[in-house]
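> model the following, please.
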Amino acid sequence: MHGACCGPVLRRERRAPTAEALMRSRYTAFAVRDLEHLLRSWHPSTAPTREDLGASLAEQARWLRLEIHAMTGGGPFDDTGTVEFTAISTGPRGRSVQHEISRFVREGGHWYYVDGDL
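Numbers count the residues shown, from 1 in each chain. A predicted model of the protein is given here:
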């Protein structure tokens, strides 16, 4: 469904091995509106409610492209990492560009999105 990169992670067939892999799977989840993966991959300390995230996904634009710019840590032997990215979308108000440096933590062998600086 989503290729070899993100599909197995979204389908829970394997864990994201790195913070970047989780970032890519989360971008895909936003694009296909996979609420369950987004909630599962969001750290409980910062996760929105199911209702708030569901409402956000319902209003979401069509995602066009993800560009990864830089990473710090986030590898298979790290417990923290950041991923700097730009996500480009289009919607009723035209083209939108979201630039963020996202923070990730690994707990119990799972990577989680914590938050991001825009």
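> need the distance between the two termini of stretch 7-23.
End-to-end distance for stretch 7-23: 13 Å, by Cα to Cα, to the nearest Å.
> from here on, count from 313
Let's use 313 as the start, then, which means that last one is stretch 319-335.
> now it, how far from the chain's geometric center?
Taking the mean of its C-alpha atoms, stretch 319-335 sits 10 Å from the chain's own mean (Cα atoms, centre = their mean, to the nearest Å).
> what's the neighbour count on Arg336?
Using other Cβ atoms under 10 Å, Arg336 has 20 neighbouring residues. Where you see a C-beta, it was placed from the backbone N, CA and C, and this is true even at glycine.
> which parts of the longest helix along the chain are buried?
Determined from DSSP state H, the single longest helix within the chain is helix 331-344. By 16 or more other Cβ atoms under 10 Å, the buried positions in helix 331-344 come out as 331-343.
> columns pLDDT and distance to Thr361 on top of those residues, output as JSON lines?
Converted to JSON lines, those look like this (pLDDT from 0 to 100; distance: Cβ to Cβ, whole Å):
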{"residue": "Ala331", "pLDDT": "98", "distance to Thr361": "24"}
{"residue": "Glu332", "pLDDT": "97", "distance to Thr361": "27"}
{"residue": "Ala333", "pLDDT": "97", "distance to Thr361": "26"}
{"residue": "Leu334", "pLDDT": "97", "distance to Thr361": "21"}
{"residue": "Met335", "pLDDT": "97", "distance to Thr361": "22"}
{"residue": "Arg336", "pLDDT": "96", "distance to Thr361": "25"}
{"residue": "Ser337", "pLDDT": "97", "distance to Thr361": "21"}
{"residue": "Arg338", "pLDDT": "96", "distance to Thr361": "17"}
{"residue": "Tyr339", "pLDDT": "95", "distance to Thr361": "21"}
{"residue": "Thr340", "pLDDT": "95", "distance to Thr361": "22"}
{"residue": "Ala341", "pLDDT": "95", "distance to Thr361": "17"}
{"residue": "Phe342", "pLDDT": "92", "distance to Thr361": "17"}
{"residue": "Ala343", "pLDDT": "91", "distance to Thr361": "21"}
